[in-house]
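Enquirer: Structure of the sequence below:
(one chain, ligands or ions: 1)
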Amino acid sequence: MNLTVELGPLSLKTPLIAASGTVGSVVDFSDSVDFRLYGAAVAKSVSPEPWDGRQPPRIGPAGGGMLNGIGIQNPGIDAWIDLYADAIEKVPTHVWGSVVAHDIPGFALVASKMSQTVVTAIEVNLSCPNLDGQPFALDPALSAEVVSAVREATSLPIGAKLSPDARPIADVAGAVMDAGVDWVVVANTAMGAAIDPDTRRPVLSGLVGGYSGEAIRPLTMRCVLEIASAFPEVPILACGGVSSAAHVAEYMLAGASAVGIGTAHLAKPRIAASITKDLHRYGRNHSVAHITDLTGAFEPW
Ligand SMILES: Cc1cc2nc3c(=O)[nH]c(=O)nc-3n(C[C@H](O)[C@H](O)[C@H](O)COP(=O)(O)O)c2cc1C
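Expert: Residues are numbered from 1 along each chain as shown. Here you go, the predicted model:
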């Protein structure tokens, strides 16, 4: 099966995208993850100044998934450029940056500085659940303002990362497309929490954090279907609970053009190898010559 896909203005050699925050700076994971098997790898989100992140504990199992409350610990854009800009050039696939900030000028500043490096696209992280206050992605107008500022700050292609907690999520997708994004990333973690009944302590120091992994796939699937139905022309990078080729096919049938792998990397950093092999097998078994033939091709009852 031909795995090449188009995501907005980008041509990618495969629909698999390494999701932000699950492969570190990308550079740090070059020994454990085979980035040749990805259409792109997204670096952890970067803010205007260094952020320490939240206090431990900030990661833990919950239900069928995982909770994290990292709080986007990162060195800030200036140190990020010093640390990684040169090494990114050696990664054997596209590396995208991810920008985050507490305010709109901060997003624009990071995007502008990041554009001076060899990243080939920028994700606008509107949806981190681990910062104080409401994520931008819950508000269509605010999301559009952030995107407009980033659009002015860079000529690189940009994607907006949405939240599965936004209602209706299609309103946010429409607003950010109008503001100039080239695709939407659907989605970040869902907000969740858990308490250990023995210790009476929350799993996360911050109580509420981001829920990810297998358990969220049906929630994210619903988001992809809603956006694809409202805006069939909007390019979608689906991300949530992917750990097999069947999950990739499922998201593409729902309308995605590319598919992110996140939490699955924590247990299996080399998971893209088996997913790629199984995608080819799926193509043979189902007579699919080009993976793009799957996009939006689910059969309604
Ligand atoms: C430990 C951890 C850190 C993450 N950090 C970021 C981040 O810095 N920026 C971002 O946009 N998303 C971040 N995410 C969200 C993932 O990129 C992804 O959208 C989400 O986990 C859903 O996909 P999954 O179920 O495959 O993990 C993080 C997720 C995890 C588990």
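Enquirer: what is the residue of the stretch 101-250 of the chain found nearest the ligand paired to in the beta sheet?
Expert: Across the stretch 101-250 of the chain, no residue is closer to the ligand than Ser212, which sits at 3.4 Å (C-beta to the nearest ligand atom). For every residue, glycine as well, the C-beta is placed using N, CA and C. Taking DSSP bridges as the rule, Ser212 bridges to Met66.
Enquirer: dump the residue contacts of it.
Expert: Taking C-beta atoms under 8 Å, 6 or more residues apart in numbering, we find Ser212 in contact with Gly65, Met66, Asn68, Thr189, Ala190, Gly240, Gly241, Gly262, Thr263.
Enquirer: for Ile122, same thing?
Expert: 96-99, 111, 114-115, 150, 154, 156-159.
Enquirer: What parts of the protein come near the ligand?
Expert: Neighbours of the ligand within the chain, by C-beta under 6 Å from any ligand atom: 19-22, 44-45, 68, 70, 72, 98, 125, 161, 188-189, 210, 212-213, 216, 239-242, 261-264.
Enquirer: Show me the beta-bridge partners of Val46.
Expert: The partner residues for Val46, given DSSP bridges, come to Val99.
Enquirer: Would you confirm that it contacts Val99?
Expert: Yes. Counting by C-beta atoms under 8 Å, Val46 touches Val99, with 6.3 Å between them.
Enquirer: Name the residues contacting each of the two.
Expert: The contact lists of Val46 and Val99 share Val110, Met114, where a contact means C-beta under 8 Å, 6+ apart.
Enquirer: and Gly283, how far is that from Ile17?
Expert: 19 Å (C-beta to C-beta, to the nearest Å).
Enquirer: So the two - more neighbours on which side?
Expert: Ile17 (28 against 20; other C-beta atoms under 10 Å).
Enquirer: Residue of the stretch 151-300 of the chain closest to the ligand, please.
Expert: For the stretch 151-300 of the chain, C-beta to the nearest ligand atom, closest residue to the ligand: Gly262, 2.5 Å.
Enquirer: How many residues are close by the residue lying closest to that residue once chain neighbours are set aside?
Expert: Distances taken as C-beta to C-beta, 6 or more residues apart in numbering put Ala19 closest to Gly262, at 3.6 Å, once the chain neighbours are dropped. By the criterion of other C-beta under 10 Å, Ala19 has 26 neighbours.
Enquirer: my guess is Ala19 contacts Val259, does it?
Expert: No. Between Ala19 and Val259 there is no contact, the gap being 9.6 Å when judged by C-beta under 8 Å.
Enquirer: what is in contact with these two at once?
Expert: With C-beta under 8 Å, 6+ apart as the test, Ala19 and Val259 both reach Cys239.
Enquirer: residue boundaries of the helices in the protein?
Expert: Assigned by DSSP state H, the chain shows helices spanning 77-88, 104-114, 140-153, 169-178, 217-230, 245-254, 264-267, 271-285.
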